[in-house]
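In: 3D model of this:
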Amino acid sequence: MVTVVDDARRLVPRTDVVLADPRLALAEQRLGRDLVRDAVRRAQQRARDGLIAPDEVIDAAVAGVPPLAASLTPVINATGVLVHPGLGRAPLSAAARDALATAAGTSDLEFDLGTGQRGKRGAAMLAALARAVPDAEAVHVVNSRAAALALVATALGAGREIVAGRGELTEPDDDVRLPELLASTGAAICAVGEGGAQVPVADYAAAIGPRTGFVLAVRPSAARTRGLAALGVPVVGDIESGLLAPHSALPDEPDAASCLQAGAALVVASADALLGGPQAGLLLGRADLVRQLSRHPLARAVRVGKLTVAALTATLTGPAAPVLQALSADPLVLAERAQRLAGVLAAAGLDARPVPSQAVVGAGTGATLASAAVSLPESLARPLRAGEQVRAWRQPAVAGQVTGGRLLLDLRAVPPGQDDMLAAAVLAAAVPAAADGR
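Out: Here you go, the predicted model:
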């Protein structure tokens, strides 16, 4: 028996022989040697393990070559979290993805095609953002919300004091460690009130003095912003979520327009949350303050690149981003999709059931929305996530939520056009899961 195994292993073709196949040679020109060699090694190992015959190695290696030279695996977000930090936050719209492809080459990032002279970086992006938030006198964009807060603290608070509610400084935040970030800029932090409690405006008033640079309000309501703005110092509203205007699905969520109307001097927000754009930090507000920020030396260090400029412009000018479509999804339609998807999977012999669920908006909101999911055996969770198997099947990975011994695939964050893809991924995962007895 050992001799047979050893003979089979000796029959596994050498790497140079496999790489000589014209299909792999073309793939190497397109993707580079490392990715193709990895596919060859995986195929050879499958032959050594007895999973395929030695004469199947070349075809298995060709099938295992990834379609793109990408280090990230596509994932269908069926977790029920619309803005999932682990899954890249908000997915980009088709328009934004097309814009990325255009910007990836040579483009007029800082070039005026009419005059042949140097132009302003991101002029169309800034114009689109200004149109989206007409209550802002001026706008500026940097490469993240953390960068936006650091720029504000450096330009307006360095050598001075930033007055903020103690509870707001200690509140968990997936994106920013606020106290450390503010302290790193050289600004002194004057924390007022008790942790977790709504701080009376009078406490802010008592803390304001000649050294106060600005008052920082995290996720402030319009009423709270109005009260703080009456104190006579600039109020910077950090709304986190990137909601530019009120949304009917999130009546309690702070938005940029309402915050500015209530008297905020500046609003800081994320572009890659409820706006549905690429990672970027938005700065909106008074013209004099935005000008001061954009001309600060730190502004160049945190400026956005051409890919962000392109994707954010397309997000602002194009159709509704996927996250906004998910926010507005009809629960009845979601239930119908879950029923249909569960039926397809059950017809293939799987234990699949449609169930009601609750989706989480994310982006710091804490809001939940009625949704629908497909309930599956928990054993499918791991193979659906397994990146290497996923690449071999030519299917995206699927991230769901395991609860009560079942895997729930929530559909609110899954675009309707991905339902067939989701079903195919589940069916592909079910075969090895059953074979392994998991």
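In: got the contact list for stretch 114-124?
Out: Applying Cβ atoms under 8 Å, 6 or more residues apart in numbering, the external contacts of stretch 114-124 come out as Asp108, Leu109, Glu110, Phe111, Asp112, Val141, Arg303, Val304, Val309, Thr313. Quick note: C-beta positions are derived from backbone N, CA and C, even for glycine.
In: mean confidence score for it?
Out: Confidence over stretch 114-124, taken as the mean pLDDT, stands at 89.
In: Would you mind measuring the gap between the ends of that stretch?
Out: Using Cα to Cα, to the nearest Å, one end of stretch 114-124 lies 15 Å from the other.
In: What sits closest to Ala352 if chain neighbours are left out?
Out: Leu345 (3.7 Å; Cβ to Cβ, 6 or more residues apart in numbering).
In: Test my guess that the one you found contacts Pro377.
Out: No. Here Leu345 does not reach Pro377: they are 10.8 Å apart, not a contact under Cβ atoms under 8 Å.
In: ok, those two, which is more surrounded?
Out: The residue with more neighbours, out of Leu345 and Pro377 and counting by other Cβ atoms under 10 Å, is Leu345; that gives 21 against 16.
In: what about the more buried one, distance to Gln45?
Out: Between Leu345 and Gln45 the computed distance is 31 Å (Cβ to Cβ, to the nearest Å).
In: ditto for Gly88
Out: Looking at Gly88 against Gln45, where the rule is Cβ to Cβ, the gap reads 30 Å.
In: average model confidence for stretch 379-399?
Out: Mean pLDDT, computed over stretch 379-399, is 76.
In: that older thread, just the buried ones out of the contacts of stretch 114-124, please.
Out: Buried residues within these, defined by neighbour count using 16 or more other Cβ atoms under 10 Å: Val141, Arg303, Val304, Val309, Thr313.
In: what residues are up against the residue nearest to Ala352?
Out: Under the criterion of Cβ under 8 Å, 6+ apart, the contact list for Leu345 reads Ala352, Val374, Leu376, Ala423, Val426, Leu427.
In: so of the contacts of stretch 114-124, which ones are in helices?
Out: Counted as lying in helices by DSSP state H, out of these, are Val309, Thr313.
In: Need the contacts of stretch 114-124 in TSV (columns: distance to Asp49).
Out: Output for the contacts of stretch 114-124, formatted as TSV (distance: Cβ to Cβ, whole Å):
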residue	distance to Asp49
Asp108	53
Leu109	50
Glu110	54
Phe111	55
Asp112	60
Val141	51
Arg303	51
Val304	47
Val309	48
Thr313	50
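In: Show me where the stretch 1-150 of the chain has its helices.
Out: All helices of the stretch 1-150 of the chain, identified by DSSP state H, counting those that start in this stretch, fall at 2-10, 15-19, 22-31, 33-48, 57-64, 94-103, 123-132, 145-152.
In: quick one, which of those helices is packed in tightest?
Out: helix 145-152 (a mean of 25; mean count of other Cβ atoms under 10 Å).
In: other SSEs contacting the helix or strand following that helix?
Out: Toward the C-terminal end, the helix or strand that comes next after helix 145-152 (DSSP states H and E) is strand 161-165. Contacting strand 161-165 under the criterion 3 or more Cβ pairs under 8 Å, 6 or more residues apart in numbering; DSSP states H and E are the following elements: strand 188-192, helix 201-207, strand 212-218.
In: hmm, 6 Å instead?
Out: Applying 3 or more Cβ pairs under 6 Å, 6 or more residues apart in numbering; DSSP states H and E, one finds that strand 161-165 makes contact with strand 188-192, strand 212-218.
In: which of the contacts of Leu345 has the most neighbours?
Out: Top of those by neighbour number is Val374, holding 32 neighbours under the definition other Cβ under 10 Å.
In: Ok, which of the helices of the stretch 1-150 of the chain comes nearest Gly227?
Out: For the helices of the stretch 1-150 of the chain, proximity to Gly227 was assessed by Cβ to Cβ; helix 145-152 is nearest, at 20.6 Å.
In: angle of the closest one against strand 212-218?
Out: Using axes from the mean of the first three to the mean of the last three Cα atoms, to 10 degrees, the inter-axis angle of helix 145-152 relative to strand 212-218 is 160 degrees.
In: so where does the residue nearest to Ala352 fall, helix or strand?
Out: Secondary-structure assignment from DSSP H and E places Leu345 in helix 331-347.
In: so which of the contacts of Leu345 comes closest to Val218?
Out: Within these, the smallest distance to Val218 is 36.9 Å, found for Val374 (Cβ to Cβ).
In: Let me know the pLDDT of that closest one.
Out: If you check Val374, the pLDDT there is 98.
In: again with Thr3
Out: Value listed for Thr3 in the pLDDT field: 46.
In: What is the end-to-end distance of stretch 248-267?
Out: By Cα to Cα, the extent of stretch 248-267 from end to end equals 21 Å.
In: Give me the contact list for it.
Out: Counting by Cβ atoms under 6 Å, 6 or more residues apart in numbering, the neighbours of stretch 248-267 from elsewhere in the structure are 133, 135-136, 219, 222, 225-226, 229, 234-237, 239, 243-246, 269, 284-286, 289, 327, 365, 367.
In: Now, those residues that are in strands?
Out: Among those, the ones falling in strands (DSSP state E) are Val235, Val236, Gly237, Ile239, Ala269, Leu284, Gly285.
In: I'd like to know how many residues surround Leu113.
Out: When neighbours are defined as other Cβ under 10 Å, Leu113 has 8 of them.
In: For it, give its distance to Glu56.
Out: Applying Cβ to Cβ, one obtains 54 Å for the distance of Leu113 from Glu56.
In: Then Thr15?
Out: With the distance defined as Cβ to Cβ, Thr15 ends up 16 Å from Glu56.
In: buried ones in stretch 363-376?
Out: In stretch 363-376, residues buried by neighbour count (16+ other Cβ under 10 Å) are Ala363, Gly364, Thr365, Ala367, Leu369, Ser371, Ala372, Ala373, Val374, Ser375, Leu376.
In: Between the residues you listed, which sits nearest Gly157?
Out: Checking the buried residues of stretch 363-376 against Gly157 by Cβ to Cβ gives Gly364 as the nearest, at 22.1 Å.
In: Under the pLDDT cut-off, which ranges of the stretch 251-400 of the chain? List them.
Out: Scanning the stretch 251-400 of the chain for pLDDT under 70 picks out the ranges 387-394.
In: for the chain, which residue is closest to the average position?
Out: Arg89 (1.7 Å; Cα atoms, centre = their mean).
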